[in-house]
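**Q** quick check, what structure comes out for this input:
(4 chains)
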2 protein chains.
Amino acid sequence: MDANAANLTAQGDVFGNRWEAPFGRASTAFERVLRANGRGFRAGTTLKLEGDDNGAVYVVLSGWLAMSKSLANGARQIVDIVVPGGIIDPSSAQSDICAVQIETLSYARIAVVARAEWMRLSEADASVRRFQAMTTAAALSRMSERMLRLGKASAESRIAYALIELCLRLSAIGGGSGNTYHLPLTQQRLGEYTGLSSVHVCRTIRRLTRGGLIDMSDHMDIVIHDIDVLACIADVDLEVLRRQIIVESTATVL
Amino acid sequence: MDANAANLTAQGDVFGNRWEAPFGRASTAFERVLRANGRGFRAGTTLKLEGDDNGAVYVVLSGWLAMSKSLANGARQIVDIVVPGGIIDPSSAQSDICAVQIETLSYARIAVVARAEWMRLSEADASVRRFQAMTTAAALSRMSERMLRLGKASAESRIAYALIELCLRLSAIGGGSGNTYHLPLTQQRLGEYTGLSSVHVCRTIRRLTRGGLIDMSDHMDIVIHDIDVLACIADVDLEVLRRQIIVESTATVL
DNA sequence: CCCGTGCATTTACCCCGGTTAATGCGGGCG
DNA sequence: CGCCCGCATTAACCGGGGTAAATGCACGGG
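**A** Coordinates of the predicted model:
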């Protein structure tokens, strides 16, 4: 299966607006299923409501998704952001109910795989199971990391962490270039991701840009100038973080 | 395997200080492994440090564990609390590194299963995989739910949610009785769970007790008097929450 | 060209919850 | 018995970040 490595397509323009998912070209049953079930969704589409019945697993082929939850007063928290190569299994303990709302942050191509078919695939192929296990572990690490910030870190640290996390994840799949990338998020949504109000996101980003740490132009085209200082503010070790949240070499796993 | 249902032992005294894990009596390979690897740990033992190498999977047979992360300044966030019947897989994306610190909150019996052996078990037995999948899904739901509170809810709501979550989880495994149970947590730790300072945990609990919603005596013996109002403050629907975070009938899955 | 709309930005105001520190209180132990 | 230690409780203070609202700015459509 490693033969697929040569087929990897993980391309992005300068600001990384387009990516191909890090999957091979339909040479395995898994890849054939992805290809057969791929569908396009425009930005802002809601795929699944909280509490919705839950019959499918989603594999992101391109584009960005957000998984979020809301309180009765309408306040929203983005629980995780998923980029190409990610798997979303919306099932909760009793899998007939969905714990999160899922929506596209950009145009996205997604393989919508019926649960039964997903089970068949995963029962039949240990490497699919391994891939799913690694993806899940990465998601758990990300969420733990972000819970720590939500509970204990300052606004500056939360924003710095979010910028770094997304930068690492994007460059792992070939999005953006170096420390330059585009986020398909408004400040409002970045606030929902970091547990801040949009106003305070703005204040904080302003402080970071004035300090020369980052640049932000044209609705979230990000340039990180000094990633070491940013990592220090975010309170992360870049290499350790990468090992915890990045699934290396999707192709060699599958 | 359903024959094990009769063997279920999920017992607790009035305040639920002791529980047996909801596993059967060593009649399957899985149960034999649990039994063979069971070890006791006293309260406050650290099983695994953040960044530690990560060679085992833990299955909680009795007692409570906390998974936590810390910032450089020492601030700590408890990312999840695990009760009997729970599985802890400390692996992150690259499984040689551990993303969280794991420690016992009470005396605990834990099956420490080497990763290789765990893989063998799970490869060999689809019902083990199913059990692990459900446990993971439940953990993700819990974490999502708590992230929402960390990001967007008031102190009162966070405490109310924590009390309800733990009440539901405990009664599912037969801990406590009705809405009465014991938490092996200090207010400090409850603060680390909810993202609050211990002082504010105290203030908030005081307000809830003075309002007659709950009672708390003798270091965290909890009685919930009006769970409906509490659920309203926590902004949850009890039945929906239970379906999302509780793995029903461990025995019938295995 | 002129609006309308959606988003970013900034200011003014204020409150929730963190911090610090003093006090109480029970339990274990010399 | 008296001491210490860990924890809960309470009060005083204050600052980070929420809220509301005004302004700017880019874009698209009539």
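
**Q** quick one: low-confidence parts of chain A?
**A** For chain A, the stretches flagged by pLDDT under 70 are A:1-22, A:25-26, A:249-254.

**Q** tell me, how many neighbours does the residue in it that DNA strand D sits nearest to end up with?
**A** DNA strand D sits closest to A:H200 of chain A, with a gap of 3.0 Å, by Cβ to the nearest atom of the strand. C-beta: built from backbone N, CA, C; applies to glycine. When neighbours are defined as other Cβ atoms under 10 Å in any protein chain shown, A:H200 has 16 of them.

**Q** what do you get for A:R206?
**A** When neighbours are counted by other Cβ under 10 Å, A:R206 registers 11.

**Q** check whether the host helix or strand of it contacts DNA strand C.
**A** In this assignment (DSSP states H and E), A:R206 forms part of helix A:198-210. Yes: shown here: helix A:198-210 in contact with DNA strand C (Cβ under 7 Å from any atom of the strand) through A:198-199, A:202-203, A:205-206.

**Q** what's the offset of that helix from the middle of its chain?
**A** Put simply, helix A:198-210 sits 23 Å off its chain's centre (Cα atoms, centre = their mean, to the nearest Å).

**Q** which residues touch the residue minimising distance to the centre of chain A?
**A** Compute the mean C-alpha point of chain A, and by Cα atoms, centre = their mean the closest residue is A:V82, 2.4 Å away. If a contact means Cβ atoms under 8 Å, 6 or more residues apart in numbering or on different chains, then A:V82 has A:60, A:64-67, A:88 as its contacts.

**Q** how near is it to A:S106?
**A** Note on A:V82: its distance to A:S106, by Cβ to Cβ, to the nearest Å, is 11 Å.

**Q** okay, and the common contacts of those two?
**A** Residues touching both A:V82 and A:S106 (Cβ under 8 Å, 6+ apart): A:W64.

**Q** could you chop chain A up by domain?
**A** Here the domain parsing of chain A from automatic domain parsing is A:2-143, A:147-245.

**Q** next, format the ones you listed as TSV and append distance to B:S127.
**A** Listed next are the domains of chain A as TSV, based on distance: least, Cβ to Cβ, whole Å:
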stretch	distance to B:S127
domain A:2-143	12
domain A:147-245	30
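
**Q** of these, which is nearest B:C167?
**A** Taking Cβ to Cβ, domain A:2-143 is the member of the domains of chain A nearest to B:C167, at 15.9 Å.

**Q** rewinding a little: burial measure for the nearest residue to the residue of chain A closest to DNA strand D once chain neighbours are set aside, as a count.
**A** Nearest non-adjacent residue to A:H200, counting by Cβ to Cβ, 6 or more residues apart in numbering or on different chains: A:A155, 5.6 Å away. A:A155 has 19 neighbouring residues, counting by other Cβ under 10 Å.

**Q** which ones are touching A:A155?
**A** Listed by Cβ under 8 Å, 6+ apart, the contact set of A:A155 reads A:194, A:196, A:200-201, A:203-204.

**Q** now with 7 Å?
**A** For A:A155, the contacting residues are A:196, A:200, A:204, by Cβ atoms under 7 Å, 6 or more residues apart in numbering or on different chains.

**Q** go on, A:D215?
**A** Neighbour list for A:D215: A:209, A:223, A:225 [criterion: Cβ under 7 Å, 6+ apart].

**Q** at which residues are the strands of the stretch 1-150 of chain A located?
**A** A:38-41, A:46-48, A:56-62, A:65-70, A:76-82, A:87-88, A:101-104, A:108-114 (DSSP state E, counting those that start in this stretch).

**Q** most packed of the ones you listed?
**A** strand A:76-82 (a mean of 24; mean count of other Cβ atoms under 10 Å in any protein chain shown).

**Q** chain neighbours aside, what residue packs nearest to A:D80?
**A** Nearest residue to A:D80, sequence neighbours excluded (Cβ to Cβ, 6+ apart): A:M67, at 4.8 Å.

**Q** surely the one you found meets A:I102?
**A** Yes: counting by Cβ atoms under 7 Å, A:M67 does reach A:I102; the two are 5.4 Å apart.

**Q** intersection of neighbour lists for these two?
**A** Common neighbours of A:M67 and A:I102, using Cβ under 7 Å, 6+ apart, are A:I88.

**Q** A:A231 and DNA strand C, how far apart?
**A** A:A231 sits 22 Å away from DNA strand C when distances are taken as Cβ to the nearest atom of the strand, to the nearest Å.

**Q** and for A:K48?
**A** Using Cβ to the nearest atom of the strand, we find A:K48 at a distance of 21 Å from DNA strand C.

**Q** ok, and the closest non-adjacent residue to that residue?
**A** A:I102 (4.3 Å).

**Q** next: A:F30.
**A** Closest residue to A:F30 apart from its sequence neighbours, by Cβ to Cβ, 6+ apart: A:V128 at 5.3 Å.

**Q** tell me the contacts of A:N54?
**A** Contacts of A:N54 (Cβ under 7 Å, 6+ apart): A:90-91, A:95-98.

**Q** try it again at 10 Å.
**A** Neighbouring residues of A:N54 by Cβ atoms under 10 Å, 6 or more residues apart in numbering or on different chains: A:48, A:89-92, A:94-99, A:115.

**Q** give the buried subset of those residues as a ChimeraX selection command.
**A** Selection of buried members from those for ChimeraX, criterion 16 or more other Cβ atoms under 10 Å in any protein chain shown:
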select /A:48,89,90,91,92,94,95,97,98,99
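
**Q** what about the helices in the stretch 101-250 of chain A?
**A** A:115-124, A:126-152, A:155-172, A:187-194, A:198-210, A:227-234, A:238-245, A:250-253 (DSSP state H, counting those that start in this stretch).

**Q** can you tell which of these is closest to B:V33?
**A** Of all those, helix A:126-152 comes closest under Cβ to Cβ, at 18.7 Å.

**Q** what number of residues lie near A:D218?
**A** By other Cβ under 10 Å, the residues close to A:D218 number 7.

**Q** in this structure it contacts A:L183, no?
**A** No: the pair A:D218 / A:L183 is not scored as a contact, 11.2 Å apart, by Cβ atoms under 10 Å.

**Q** from what I see, A:R39 and A:A111 are in contact.
**A** Yes: applying Cβ under 10 Å, one finds A:R39 in contact with A:A111, separated by 7.7 Å.

**Q** joint contacts of these two?
**A** Common neighbours of A:R39 and A:A111, using Cβ under 10 Å, 6+ apart, are A:58, A:61.

**Q** which parts of the stretch 51-200 of chain A sit against DNA strand C?
**A** With Cβ under 7 Å from any atom of the strand as the criterion, the stretch 51-200 of chain A comes near DNA strand C at residues A:186-188, A:198-199.

**Q** show me which of the residues you listed are buried.
**A** Buried members of those, counted by 16+ other Cβ under 10 Å: A:Q187.

**Q** looking at the residues of the stretch 51-200 of chain A next to DNA strand C, which one is closest to A:I173?
**A** Using Cβ to Cβ, A:T186 is the member of those that sits closest to A:I173, with 22.4 Å.

**Q** what about the closest one, distance to chain B?
**A** A:T186 sits 17 Å away from chain B, going by Cβ to the nearest Cβ, to the nearest Å.
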